[in-house]
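Peer 1: Fold the following.
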Amino acid sequence: MKSTKKYENKIVKGDSIKIMNSLPENSVDMIFADPPYNLQLGGDLSRPDNSAVDAVNNDWDKFSSIKAYEKFSIDWISAAKRILKPDGTIWIIGSYHNIFKVGSVMQNLDFWILNDIIWRKTNPMPNFRGRRFTNAHETIIWASKSEKSKYTFNYDSLKASNEDIQMRSDWFIPLCTGKERLKDENGKKVHPTQKPEALLYRIITASTKQSDLILDPFFGSGTTGAVAKKLGRRWIGIEREDDYIKYAQERIDNISKTEDDELLKTITKREQPRIPFGSLIENGILKAGTKLTCAKNKYEAVINADGTLHTGPHRGSIHKVGAAVQGAPSCNGWTFWHVKDGDKIKPLDDFRQAIIRAN
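Peer 2: Residues are numbered from 1 along each chain as shown. Sure thing, here's the model as predicted:
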């Protein structure tokens, strides 16, 4: 039986399609792909002072026609789908030159699109010719292998890192600059489209778990591998250009993985053990007769010996009674009800979390 072991945490030199086709089927948890954009630039670009713009004019980004680019996209995305696990996801980034073609190919191959993310660059390159809008964003398509995939989405981790606000699909992240930008011995950029680590950090944190296997078929400057190593994920990079491999490997070798496994975990509330409210009574953490209140002291209820609450005509679970007093269809009783502790009040969830930590 084939294994990915010999490829893991390594840069594999060669053609991405051929190498993906050699990997075991259903073996990769997540794919991040930054494919050639087929920019179709018409000649050299220059600034108003006639200085040259360091744009993407490499041979790997040139295709003879849109049809040729479409065939290339079908071939590599098909190879990617074969190796993606049934519950895996793929992220593909692109610009207006290619992302619509990529999206069409993905839908034709029966990927299930979950989101399109707008990466809004806080420091975009100006449109020097002044004939179009400044191109200030790129689009990332996030998709699962199928409509039935039970994909990973670390919603709670993302929300906690975003000031307890639900993470949106428009991301404000600057271009890769400063010390993060890889440069050769002459001070020239190693790769023209190096992605910022902040972008990959959010993607990997959002859709993988510790020790998951991530593949990047267009590894370039190695941002995916660098962030994966920091976050305790396994990775495979595929790259055919020797210079990119050299600098990416040096970059990754200089990174120290976080050794404390607890710091790398992304635990969602759904993955936490279920703690019945009644267990707080059974363990003497709360007692029958204890009064509960909402955060605004507008509603009160009393705990019964059987673990139910009652207030006025309402009796039932912490969730049912919480919904009833508000006239709401549902309620999370763990966060709605609070216990008075001197001059302060503590949400019931604090007591539940104490039990989870103790176990």
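Peer 1: Show me the domain layout of the protein.
Peer 2: For the chain, automatic domain parsing gives the domain ranges 5-268, 272-358.
Peer 1: where does this protein have its least confident helix or strand?
Peer 2: Least confident helix or strand of the chain, by mean pLDDT, DSSP states H and E, is helix 261-264 with a mean of 62.
Peer 1: quick revisit: out of the domains of the chain, which one sits most buried?
Peer 2: Ranked by mean neighbour count under mean count of other Cβ atoms under 10 Å, the domains of the chain are led by domain 5-268, which reaches a mean of 17. Placement of C-beta: from N, CA and C, glycine included.
Peer 1: Identify the residues contacting the stretch of helix or strand residue 215 belongs to?
Peer 2: Here residue 215 sits within strand 213-216, counting by DSSP states H and E. Residues from elsewhere that reach strand 213-216 (Cβ atoms under 8 Å, 6 or more residues apart in numbering): 4, 8, 20, 23, 27-34, 80, 83, 204, 208, 224-225, 228, 233-238.
Peer 1: quick one: which of the residues you listed sit in helices?
Peer 2: Using DSSP state H, the subset of these located in helices is 20, 80, 83, 204, 224-225, 228.
Peer 1: among those, which two are most distant?
Peer 2: Distance extremes for these: the farthest pair is 20 and 204 at 19.4 Å, using Cβ to Cβ.
Peer 1: Paired strands for the strand holding residue 215, with orientation please.
Peer 2: The strands that strand 213-216 pairs with in its sheet are strand 28-33 (parallel), strand 234-239 (parallel) (by DSSP bridges).
Peer 1: and those as a markdown table, adding distance to residue 158?
Peer 2: Below are the strands paired with strand 213-216 laid out as a markdown table (distance: least, Cβ to Cβ, whole Å):
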| stretch | distance to residue 158 |
| --- | --- |
| strand 28-33 | 15 |
| strand 234-239 | 21 |
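Peer 1: possible to save the ones you listed as TSV with mean pLDDT and distance to residue 104?
Peer 2: Shown next, in TSV, are these (pLDDT from 0 to 100; distance: least, Cβ to Cβ, whole Å):
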stretch	mean pLDDT	distance to residue 104
strand 28-33	98	16
strand 234-239	98	24
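Peer 1: just to revisit the earlier point, not counting the helix or strand just after the least confident helix or strand of the chain itself, show me its contacts.
Peer 2: Once helix 261-264 ends, the next helix or strand along the chain (criterion: DSSP H and E) is helix 278-282. Helix 278-282 has contacts (Cβ under 8 Å, 6+ apart) with 286-288, 303, 305-307, 348, 351-352, 355.
Peer 1: that older thread, mean confidence for the strand holding residue 215?
Peer 2: The pLDDT scores in strand 213-216 average 98.
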